[in-house]
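Trainee: Sharing a sequence plus its predicted fold:
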Amino acid sequence: MKDIKQYIEENKERFLEELFELIRIPSISSDSARKGDMLRASEKWKQILLDAGADRAEVMETKGHPVVFGEKKISDDAPTVLVYGHTDVMPVDPLELWNSDPFEPVIKDGKIWARGADDDKGQAFMHAKAFEYLVKTNQLHCNVKFLIEGEEEIGSENLPEFCENNKELLKADVILVSDTTMLAPETPSITSGLRGLAYWQVDVTGPNRDLHSGMFGGAVANPINVLSKMIGGLLDENGKVTVPGFYDDVLEVSTEERELMGRAPFNVEKYKKSIGVEALQGEAGFTSQERTGIRPSFDVCGIWGGYTGEGAKTVLPSKAHAKVSSRLVPHQDHHKIARQFKEYFESIAPEAVKVEVSVLHGGQAYVCPIDIPAYKAAEKAYQESYGIRPVPVRSGGSIPIISTFEQILGIKSVLMGFGLESDAIHSPNENFPLEQFYKGIETIPYFYKYFAAQ
């Protein structure tokens, strides 16, 4: 591409300040008190797209948080790329573990430190700047549409209806997304698959009030004890989920494909060291990469109840709660899995307590064939900027709306992620290396070049 590196060098400080203005908006979609901030973030994205060269951009209402749509039309004969991103971020708790204000971005050790630096403000913003470059240098040969939503972190609840009602508006040849990771700065990769998700809240109720543990302990069931035991039985000694029927529809990956995926660089010791553990575990018979890519899993995301304040309080709690989730693989339907878990978990509850399972949200798994033109264009783009061919990988994460796009709009998505595992998305001290940020802006224009050529 003509002078892409020079354009980045000349504008990189402006890029950062514009991104920081977006990051400073605390757009936490799960917090009802942040509704105004969600609207402010959408209005900011509208301006970002217009400033970058979009013909039109508007904030559009949904039953929840708004979405931003932008468009630049080149020609009726040109292919159309729909860029998807999200402006909402995860909560920042526990705040005391942050080394800096999560909504006041700082640059340290060559990284941007802030909530949303990577997921997904930083990565989505790369597309706006790559688009800006192509427009200003008259090198854009694709029609481009932008869809920036505000509910990805809470399951994109209202986006499917928006897509159903706006099929013509969103019509495109491919959806381009940067909301995933790559293997390493020197090892580019393209996410060719995403796991699905099913998410529940479990509530266990025992006595009608908190009780004195001395007067009642041993005679009355403790909801926390019961919940802990029930959850502990959901994985067997081989790391398999014990919910009946859970594996019935799992897509079994062939030996040949497992071997191909196994060629991706992976250092077990470095992996353990990076997350501070002495050993790994998971489903028997599969590697760590396979456990997070081609196999389903079950995890407790949070558990609470009783007294957790300073000092001691001898209480037998009335209630206990947990948030639990399963990552799913192709052919596992999240609606079916949600129903199976609810029925099973409520059925094994002892008579001494009442157990209620609420389904919160979910999404289907997704697979992108590595031989379609859009994937090939992405592959060439990475090869152009990094000098080596990217590795296809199956991600353990979920972006539920990606499979929904395919179901409703009939469009495949290509996942060109530039994040790293060390970016601590969803955790305190989220960060995004400046090198990755600028490399993304450099690489994305090549995708348009090669996709238009096809």
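Mentor: Happy to help now that I have it. Numbering: from 1, shown residues only.
Trainee: Could you check the protein and say which of its helices or strands has the lowest average pLDDT?
Mentor: Every helix and strand of the chain was ranked by mean pLDDT, DSSP states H and E. The lowest is helix 255-261, at a mean of 79.
Trainee: Could I have the CA atoms of it written out in CSV?
Mentor: Output in CSV follows, covering the C-alpha atoms of helix 255-261 (Å, rounded to 0.1, in the frame of the first residue of the first chain):
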residue,chain,number,x,y,z
THR,A,255,-6.9,-36.6,13.5
GLU,A,256,-5.6,-34.9,10.4
GLU,A,257,-7.0,-31.5,11.4
ARG,A,258,-5.8,-31.9,15.0
GLU,A,259,-2.3,-32.5,13.6
LEU,A,260,-2.5,-29.4,11.4
MET,A,261,-3.7,-27.3,14.4
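Trainee: what's the following helix or strand after that helix?
Mentor: Scanning forward in sequence from helix 255-261 by DSSP states H and E, the next helix or strand is helix 268-275.
Trainee: moving C-terminal of that following helix, what's the next helix or strand?
Mentor: Next along the chain after helix 268-275, taking DSSP H and E as the criterion, comes helix 288-293.
Trainee: Give me the mean pLDDT for that next one.
Mentor: Helix 288-293 shows a mean pLDDT of 93.
Trainee: Check which helices and strands that helix is in contact with.
Mentor: helix 255-261, strand 391-395 (3 or more CB pairs under 8 Å, 6 or more residues apart in numbering; DSSP states H and E). For every residue, glycine as well, the C-beta is placed using N, CA and C.
Trainee: Figure out which of the ones you listed is closest to Asn166.
Mentor: strand 391-395 (27.4 Å; CB to CB).
Trainee: how about the helices in the stretch 301-450 of the chain?
Mentor: Listed in chain order, the helices of the stretch 301-450 of the chain (DSSP state H, counting those that start in this stretch) span 334-347, 373-386, 400-409, 434-453.
Trainee: sorry, back to before: highest mean neighbour count out of the helices and strands packed on helix 288-293?
Mentor: strand 391-395 (a mean of 21; mean count of other CB atoms under 10 Å).
Trainee: Give me the distance between the two termini of stretch 318-338.
Mentor: The straight-line separation of the ends of stretch 318-338 (CA to CA, to the nearest Å) is 26 Å.
Trainee: And stretch 340-356, by the same measure?
Mentor: 14 Å.
Trainee: Of all the residues in it, which ones are buried?
Mentor: Gln340, Phe341, Lys342, Tyr344, Phe345, Ala349, Val353, Val355 (16 or more other CB atoms under 10 Å).
Trainee: Could you do stretch 430-438 as well?
Mentor: Buried residues in stretch 430-438, defined by neighbour count with 16+ other CB under 10 Å: Glu430, Asn431, Phe432, Pro433, Leu434, Gln436, Phe437, Tyr438.
Trainee: show me the residues around Leu39 that make contact.
Mentor: Val59, His65, Pro66 (CB atoms under 8 Å, 6 or more residues apart in numbering).
Trainee: Got the phi and psi for it?
Mentor: phi -70, psi -40 (degrees, to the nearest 10).
Trainee: Could you dump the helices and strands packed on helix 288-293 into JSON lines with distance to Glu283 added?
Mentor: Shown next, in JSON lines, are these (distance: least, CB to CB, whole Å):
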{"stretch": "helix 255-261", "distance to Glu283": "14"}
{"stretch": "strand 391-395", "distance to Glu283": "15"}
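Trainee: hang on, Leu434 packs against Trp113?
Mentor: No - with contact defined as CB atoms under 8 Å, Leu434 does not reach Trp113; the gap is 11.1 Å.
Trainee: what touches both of these two?
Mentor: Ile107.
Trainee: ok so, going back, of the helices of the stretch 301-450 of the chain, which shows the lowest average pLDDT?
Mentor: helix 400-409 (a mean of 92).
Trainee: Buried residues, that one. List them.
Mentor: For helix 400-409, by 16+ other CB under 10 Å, it's Pro400, Ile401, Ile402, Ser403, Thr404, Phe405, Glu406, Ile408, Leu409.
Trainee: before we move on, what about stretch 203-211?
Mentor: Buried residues in stretch 203-211, counted by 16+ other CB under 10 Å: Asp203, Val204, Gly206, Pro207, Asp210, Leu211.
Trainee: go on, stretch 99-107?
Mentor: Applying 16+ other CB under 10 Å to stretch 99-107 flags Pro102, Phe103, Pro105 as buried.
Trainee: what about Gln281, neighbour count?
Mentor: Residues near Gln281, counting by other CB atoms under 10 Å, number 10.
Trainee: can you pull the contacts of it?
Mentor: Gly239.
Trainee: Check what pLDDT it gets.
Mentor: On the pLDDT scale, Gln281 is placed at 96.
Trainee: what's the answer for the one 4 residues further on, then?
Mentor: Model confidence at Gly285, given as pLDDT, is 96.
Trainee: With Met1 instead?
Mentor: Confidence for Met1, expressed as pLDDT, is 67.
Trainee: Start the count at 12 instead of 1 going forward.
Mentor: Sure thing, new numbering starts at 12, so read that last one as Met12.
Trainee: Residue ranges in the chain under the pLDDT threshold?
Mentor: Applying pLDDT under 70 to the chain flags the ranges 12.
Trainee: my guess is Lys334 meets Trp211, correct?
Mentor: Yes - Lys334 lies in contact with Trp211 (CB under 8 Å); the separation is 7.3 Å.
Trainee: Which one of the two is surrounded by more residues?
Mentor: Using other CB under 10 Å, the more surrounded residue of Lys334 and Trp211 is Trp211, with 21 against 16.
Trainee: That one reaches Ser336, doesn't it?
Mentor: Yes - contact criterion CB under 8 Å: Trp211 and Ser336 qualify, at 7.2 Å.
Trainee: before we move on, the earlier item: so for Tyr258, which of the helices of the stretch 312-461 of the chain sits nearest?
Mentor: If we rank the helices of the stretch 312-461 of the chain by CB to CB, the stretch that ends up nearest is helix 345-358, at 10.3 Å.
Trainee: Quick one: list the elements packing against that closest one.
Mentor: Identification of packing neighbours for helix 345-358 by 3+ CB pairs under 8 Å, 6+ apart yields strand 207-216, strand 330-339, strand 365-374.
Trainee: So what's the gap between that helix and the chain middle?
Mentor: 23 Å (CA atoms, centre = their mean, to the nearest Å).
Trainee: Show residues contacting that helix.
Mentor: For helix 345-358, using CB under 8 Å, 6+ apart, the contacting residues are 207-209, 211, 213, 241, 245, 254-257, 260, 337, 339, 366-368, 370, 373-375, 411.
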